[in-house]
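Colleague: coords below, sequence missing:
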């Protein structure tokens, strides 16, 4: 894909800002970005530049550039002078609209101050290989690599490759996931807690909304767990009340950490979750007194989300190598049955999605077919592209113009809800955990399944909705549930395949839930919800 580099200095006049805005639109059109996202980036950059003009004057010059940078389209504006963040809350709510998730997706700007230079930057992922094709290539490549190794005669070459290349790479990949797991979980949860406070500013009870998401997630996950157990009965189940109560009591007591550092080193999800919620709640209570601390946390979360995205991008390559390693070592007994687990997870997910849609249609006195039609387009885009940046603009448009949600409520609740509420991912996770437990004969108790359900909900509050990034959740689950590390390769394959559907389905479930929440808050246009769709 050809991108013409753009480097220009210009004064902050209205005409010069308009010219630069058109240049941004041209670059975004060249990479085939969806219209709503183009408008979001253009308007947010225009608004930020106009605020800079009001602060520094229209004779102040800025340096602007648009170019390809490390697989992304980088749009950047630099202005030398005293520190001034045009996205900050002191101006308007533009910074809140530019949440960490949207910044990472490349559809909202980011502010940096470095060496007396004010920097506005947007980094947009460039379109790449179709996700389904990428999955097929990575799995096929791993199979070919494994069969190639198996075809070689036993001897020095195969032993050398296994000992010096494949085995160290397997260990390195596991260490990398363990390293990033703890900090990312902590930062996402604490940021979600901070961002949730904005919902209260619109008349809603943030704690009640969060509790609603958790209750629904636990309900859906619990039912999915029970249904999966009928399909995959675990042979190593212990029904002893002593074992069950002891495991559950120990899990609850160990949620209190001994110190601040250990939960990060051990990737202890329950402890990290509790710490993040408590600290986030304390910061919200102090409000304006710790505004700078809040910004630092959000910037750190930007870094965490970017690292999670790198994990996601590298996952197909890692799958090829590790799948080849698994075939070489003869550990394919789980892989051959993985298709049934994916199918079961899909069927359970579709069932829950259908039930939720029918319940909402009945509560709002709307045709289920019409409601499905209104949420279908963003779902279809997310499935076909496998990326949130491609579908987000249409998702937001669907909420505001088709479902009748109030605009500011949508702009705050949508990105926050996309991280907090991921019920379909949780369905897939519990299905995979039960499947793996049966294959490895993991000793399970009723409390084991309860802990698995609770941890799945906790972890998907702290996992970015990016296909492949859910490996962070699987690493933590394996550690807590005593599942062998060898299952990580199968978890990678399951996650990258099921994740294509799960992330799109999570969006649809969130839209349906936001309609109910907006209705309770008085932020729902029921006439628009019940009306026919507008032409696009």
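Modeller: Cool, the structure landed. As the structure is a prediction and not an experimental result, all values here were calculated from the model. Numbering: from 1, shown residues only.
Colleague: Name the helix or strand for the residue lying closest to residue 233 once chain neighbours are set aside, please.
Modeller: Counting by C-beta to C-beta, 6 or more residues apart in numbering, the nearest residue to residue 233 once its immediate chain neighbours are dropped is residue 438, at 7.4 Å. Glycine gets a C-beta too; all of them are placed from N, C-alpha and C. Here residue 438 sits within helix 423-439, counting by DSSP states H and E.
Colleague: Next one, pLDDT for residue 337 please.
Modeller: What the model reports as pLDDT for residue 337 is 81.
Colleague: I meant residue 200, not that one.
Modeller: Here, the pLDDT recorded for residue 200 equals 57.
Colleague: The one 10 residues further on now?
Modeller: Reading off the confidence values, residue 210 has pLDDT 77.
Colleague: Kindly report the same for residue 1.
Modeller: 59.
Colleague: on that earlier part again, mind checking pLDDT for the residue nearest to residue 233?
Modeller: In this model, residue 438 carries a pLDDT of 86.
Colleague: So it versus residue 232, what's the distance?
Modeller: 5 Å (C-beta to C-beta, to the nearest Å).
Colleague: go on, residue 340?
Modeller: In terms of C-beta to C-beta, residue 340 sits 9 Å off from residue 232.
Colleague: who has more neighbours, those two?
Modeller: Counted by other C-beta atoms under 10 Å, residue 340 and residue 232 do not tie: residue 232 has more neighbours, with 19 against 13.
Colleague: which residues touch that one?
Modeller: Shown in contact with residue 232 (C-beta atoms under 8 Å, 6 or more residues apart in numbering): 434, 435, 437, 438.
Colleague: what does the helix or strand residue 26 falls within rub up against?
Modeller: Residue 26 belongs to helix 14-30 when elements are defined using DSSP H and E. Contacts to helix 14-30, defined as C-beta under 8 Å, 6+ apart, come from residues 1-4, 6, 8, 10, 37-38, 41-42, 45-46, 49-50, 53, 58, 64, 66, 73, 75, 124.
Colleague: Same question for whatever helix or strand comes next after it: list its buried residues.
Modeller: Remark: after helix 14-30, the chain's next helix or strand is helix 35-56, criterion DSSP H and E. Across helix 35-56, burial judged by 16 or more other C-beta atoms under 10 Å covers 36-38, 40-42, 44-49, 51-53, 55-56.
Colleague: Can you spell out which helices and strands pack onto helix 35-56?
Modeller: In terms of contacts (3 or more C-beta pairs under 8 Å, 6 or more residues apart in numbering; DSSP states H and E), helix 35-56 is packed against helix 14-30, strand 72-80, helix 94-97, strand 117-125, helix 388-397.
Colleague: Could you dump the ones you listed into a markdown table and include distance to residue 527 and mean pLDDT?
Modeller: Formatted as a markdown table, those follow (distance: least, C-beta to C-beta, whole Å; pLDDT from 0 to 100):
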| stretch | distance to residue 527 | mean pLDDT |
| --- | --- | --- |
| helix 14-30 | 33 | 90 |
| strand 72-80 | 39 | 89 |
| helix 94-97 | 26 | 44 |
| strand 117-125 | 36 | 85 |
| helix 388-397 | 18 | 79 |
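Colleague: Tell me which helix or strand in the chain has the weakest average pLDDT.
Modeller: When the helices and strands of the chain are scored by mean pLDDT, DSSP states H and E, helix 94-97 comes last with a mean of 44.
Colleague: still on that earlier bit, give me the number of neighbouring residues for the residue nearest to residue 233.
Modeller: 21.
Colleague: so it touches residue 231, yeah?
Modeller: No - using C-beta atoms under 8 Å, residue 438 is not in contact with residue 231, being 9.6 Å away.
Colleague: For the stretch 101-250 of the chain, which segments count as strands?
Modeller: In the stretch 101-250 of the chain, the strands defined using DSSP state E, counting those that start in this stretch lie at 110-114, 117-125.
Colleague: Tell me which of those strands is the most buried.
Modeller: Most buried of the strands of the stretch 101-250 of the chain by mean neighbour count (mean count of other C-beta atoms under 10 Å) is strand 117-125; its value is a mean of 19.
Colleague: Please list the outside residues in contact with that strand.
Modeller: Residues contacting strand 117-125 (C-beta under 8 Å, 6+ apart): 28, 31, 33, 41, 45, 48-49, 52, 69, 71-81, 83-87, 105-113, 387, 389.
Colleague: Equivalent analysis for stretch 216-230, please.
Modeller: 344, 348, 352, 421-423, 426-427, 430-431, 434-435, 449, 452-454, 456-457, 460, 513.
Colleague: Narrow these to those that are buried.
Modeller: Buried among those by 16+ other C-beta under 10 Å: 344, 348, 352, 421-423, 426-427, 430-431, 434-435, 449, 452-454, 456-457, 460, 513.
Colleague: what does the model give the nearest residue to residue 409 once chain neighbours are set aside for pLDDT?
Modeller: Spatial nearest neighbour of residue 409, excluding adjacent residues (C-beta to C-beta, 6+ apart): residue 523 at 4.7 Å. On pLDDT, residue 523 comes in at 87.
Colleague: now do residue 447
Modeller: Taking residue 447 on its own, its pLDDT is 80.
Colleague: just to revisit the earlier point, and the helix holding residue 26, what's buried?
Modeller: Buried-residue list, helix 14-30, by 16+ other C-beta under 10 Å: 16, 17, 20, 21, 23, 24, 27, 28.
Colleague: how much does the helix ranked longest in the chain deviate in direction from strand 117-125?
Modeller: Using DSSP state H, we find that the single longest helix of the chain is helix 291-328. When axes from the mean of the first three to the mean of the last three C-alpha atoms, to 10 degrees is applied, the directions of helix 291-328 and strand 117-125 differ by 30 degrees.
Colleague: what about the next helix or strand after helix 291-328, distance to the chain center?
Modeller: Moving toward the C-terminus from helix 291-328, the next helix or strand (DSSP H and E) is helix 338-364. Here helix 338-364 is found 20 Å from its chain centre; the criterion is C-alpha atoms, centre = their mean, to the nearest Å.
Colleague: Can you name every helix or strand that helix 338-364 contacts?
Modeller: helix 206-231, helix 368-385, helix 423-439, helix 488-521, helix 526-530.
Colleague: per-residue pLDDT, residue 240?
Modeller: Value for residue 240, per-residue pLDDT: 48.
Colleague: At which residues are the helices of the stretch 101-250 of the chain located?
Modeller: 131-151, 156-161, 167-200, 206-231, 241-253 (DSSP state H, counting those that start in this stretch).
Colleague: looking just at contacts, which helices and strands does the third one meet?
Modeller: The criterion is 3+ C-beta pairs under 8 Å, 6+ apart, and the helices and strands that helix 167-200 contacts are helix 206-231, helix 262-266, helix 269-286, helix 291-328, helix 407-420, helix 471-481, helix 488-521.
Colleague: Which one of those lies nearest to residue 187?
Modeller: Closest of the helices and strands packed on helix 167-200 to residue 187 is helix 291-328, at 4.3 Å (criterion: C-beta to C-beta).
Colleague: Would you mind giving the orientation angle of the closest one with respect to helix 471-481?
Modeller: Using the same axes, to 10 degrees, helix 291-328 lies at 80 degrees relative to helix 471-481.
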